[in-house]
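Enquirer: below: sequence and its predicted model.
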Amino acid sequence: MEPAAEELLLTDDELIGSGWNPDEDTDPEAAEVQASSQPECSSQSWTLKTPEVVDDAASAWHFDSAAEVELITSQAWTYSSAEEASAALAAYRDAASRCVSWDTADTGSGYAYHEQQELFDIPVAEEALGRHGTTSSIKYPEVGSFPMYWVAARDGSQVVQVTYRPGSLLSGVEGRARVEALAATAASKMQD
């Protein structure tokens, strides 16, 4: 019997170090589709939320004891079948593969951003997809860029997704290693 979606979420003691605080924002994507050169790119992982989901859960944490706030989210979905879960992950991969470089529009806040993304493979579960995104200000490029990492993994009829937004001082190699470790932990729970 597969574990409930809630049992697939990361726990406090499985995070990177200590000092993480629970966060109410458990969706790593934008709260709504954003005005941009490719609006669908603001909500890529929403493709995992299909009508075939029969159970879901999410949790999030923030770490604000460093130079920049870091975030981790952990999400899990159980689908009606392994085929439906695989189809959802394939649709996610398809959506993410079309989102390589796009700009968000300034909607009155004074800020617009350039987004870039690359996909990477990760050997966890039956199948998995990694995304490494970078956000930079169009108006203030001197501010630098901010990374974000996503990993979604499927085993049977279940999918877990872990996201990690480190501070901008962390190297890409270190950021990817951290999200891969978190994803491996979450994916191992589907196999128990």
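Expert: Here it is on my side, so go on.

Enquirer: going forward, measure contacts and count neighbours with C-alpha atoms only.
Expert: Will do.

Enquirer: so which bits of the helix ranked longest in the chain are buried?
Expert: Of all segments of type helix in the chain, defined using DSSP state H, the longest is helix 172-190. Of all the residues in helix 172-190, those buried under the rule 16 or more other C-alpha atoms under 10 Å are 175-176, 178-187, 189-190.

Enquirer: how distant is that helix from the center of its chain?
Expert: Relative to its chain's centre, helix 172-190 lies at 11 Å (C-alpha atoms, centre = their mean, to the nearest Å).

Enquirer: can you check stretch 72-92 too?
Expert: The answer for stretch 72-92 is 13 Å, by C-alpha atoms, centre = their mean.

Enquirer: what about the strands in this protein?
Expert: 21-22, 53-63, 70-79, 101-103, 113-120, 127-137, 145-155, 158-165 (DSSP state E).

Enquirer: quick one: the shortest one to chain centroid distance?
Expert: So the one you mean is strand 21-22. 17 Å.

Enquirer: again, but for the last one
Expert: Here strand 158-165 shows a centroid-to-chain-centroid distance of 5 Å under the convention C-alpha atoms, centre = their mean.

Enquirer: ok, Ser157 - contacts?
Expert: Thr78, Tyr79, Ser80, Ser81, Ala82, Glu83, Glu84, Ala85, Ser86 (C-alpha atoms under 8 Å, 6 or more residues apart in numbering).

Enquirer: partner residues bridging the closest residue to Glu6 other than its chain neighbours?
Expert: Once flanking residues are discounted, Glu6 sits nearest to Ala57: 5.2 Å by C-alpha to C-alpha, 6 or more residues apart in numbering. Beta bridges link Ala57 to Ala76 when assigned by DSSP bridges.
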